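**Q** sequence plus predicted model, see below.
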Amino acid sequence: MPGGRLTQQERQQIALGLADSLPYAEIARRLERPTSTVTREVMRNGGPLAYRADLAHRATEHRARRRPATPGGPTSAARPHGRDDEAVAAYEERLTTVLMGSGLNRMAARVVTCLSTTDAGSLTAAELAGRLQVSPASISKAIAFLESQSLVRRERDERRRDRYIVDDELYYQAVIASARANDRVIEAAREGVAVLGPDTPAAVRLENIARFLDFISESIVRAAEQAREVLHTKPATAAEDTPE
């Protein structure tokens, strides 16, 4: 099985496979490469719809020139707990793609993925920039957006550096904020009822929308309150799950 970096010819084969709507596993089988290698290659270079072999090859060469060569740098650090580099990288790309599908832009999604897959759950801006190989300005812009959405929070460490954190409680806060975002729509809909007249078809429609969103929001808030403690408990082990 070939090892090392993908060649330009292999990238062209990936592009042809994507054009033929082949799954990643089939493309990888033809290249005699791990599926995770193909997945990471495609997602790192625009995704299945925008992947271009020539651009991907140049981008990889550019990243290689920028990458620190000294041992212990962010790109050469060993994975903890014996984790497989290929599997972790493929998972990070998948999680980033899922987060983008939920509405985050790519840079914000990459930051959340990086924080979520770090055992400490917190990194400084410099550490994020180093791990993601992007500029500090890109990190700053992504963090500002994520803070506005209650998806990350910051705190000062003992060296008075800002650390950005994804923790259990933030997911609760994000769900509550999302539910309460409907309040403005509900208020506007009911304002329309008064303007259009309560007995008109348009007003009835707006009132139904307001009632629907009100019910959904309150249900989400109640469910989040009831499930909040789940965020602060460890999953039961197999032994604990076994009935006596």
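**A** Perfect, thanks for sending it.

**Q** got phi/psi on Ala89?
**A** Dihedral angles phi and psi of Ala89 (degrees, to the nearest 10) take the values phi -60, psi -40.

**Q** start the count at 355, not 1, going forward
**A** Will do, 355 is the new start, and the previous item becomes Ala443.

**Q** ok, it - contacts?
**A** Under the criterion of CB atoms under 8 Å, 6 or more residues apart in numbering, the contact partners of Ala443 comprise 390, 394. Glycine gets a C-beta too; all of them are placed from N, C-alpha and C.

**Q** try it again with 10 Å
**A** Ala443 makes contacts with 390-391, 393-395, 397-398, 433, as judged by CB atoms under 10 Å, 6 or more residues apart in numbering.

**Q** again with Gln363
**A** For Gln363, the contacting residues are 385, 407, 411, taking CB under 10 Å, 6+ apart as the criterion.

**Q** kindly reformat the residues you listed as JSON lines containing neighbour count and secondary structure.
**A** What follows is those, written out as JSON lines (neighbours: other CB atoms under 10 Å; DSSP: H, G, I helix; E, B strand; the rest coil):
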{"residue": "Leu385", "neighbour count": "21", "secondary structure": "helix"}
{"residue": "Ala407", "neighbour count": "20", "secondary structure": "helix"}
{"residue": "His411", "neighbour count": "19", "secondary structure": "helix"}
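
**Q** which of those residues lies closest to Ala557?
**A** Here the nearest of those to Ala557, counting by CB to CB, is Ala407; it sits at 57.0 Å.

**Q** packing partners of the strand or helix carrying Val396?
**A** With the criterion set as DSSP states H and E, the secondary-structure element containing Val396 is helix 389-398. Packed against helix 389-398, as judged by 3 or more CB pairs under 10 Å, 6 or more residues apart in numbering; DSSP states H and E, are the following elements: helix 362-373, helix 378-385, helix 407-420, helix 439-455.

**Q** what residues of the last one count as buried?
**A** The one in question is helix 439-455. For helix 439-455, the neighbour count (16 or more other CB atoms under 10 Å) marks 443-447, 449-450, 453-454 as buried.

**Q** then the helix holding Val396 to PDB, C-alphas only?
**A** Extracted as PDB, the C-alpha positions of helix 389-398 are listed here (Å, rounded to 0.1, in the frame of the first residue of the first chain):
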ATOM      1  CA  THR A 389     -10.600   6.100   3.200                       C
ATOM      2  CA  SER A 390      -9.700   8.700   5.900                       C
ATOM      3  CA  THR A 391      -6.900  10.000   3.700                       C
ATOM      4  CA  VAL A 392      -9.200  10.600   0.800                       C
ATOM      5  CA  THR A 393     -11.900  12.100   3.100                       C
ATOM      6  CA  ARG A 394      -9.500  14.500   4.700                       C
ATOM      7  CA  GLU A 395      -8.000  15.500   1.300                       C
ATOM      8  CA  VAL A 396     -11.300  16.400  -0.200                       C
ATOM      9  CA  MET A 397     -12.800  18.200   2.800                       C
ATOM     10  CA  ARG A 398      -9.500  20.200   3.300                       C
END
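
**Q** what lies in contact with stretch 501-513?
**A** With contact meaning CB under 10 Å, 6+ apart, stretch 501-513 is reached by 453, 457-458, 462, 465-466, 469, 476, 478-479, 496-497, 499-500, 515-521, 523-532, 535.

**Q** alright, that wraps it up for me.
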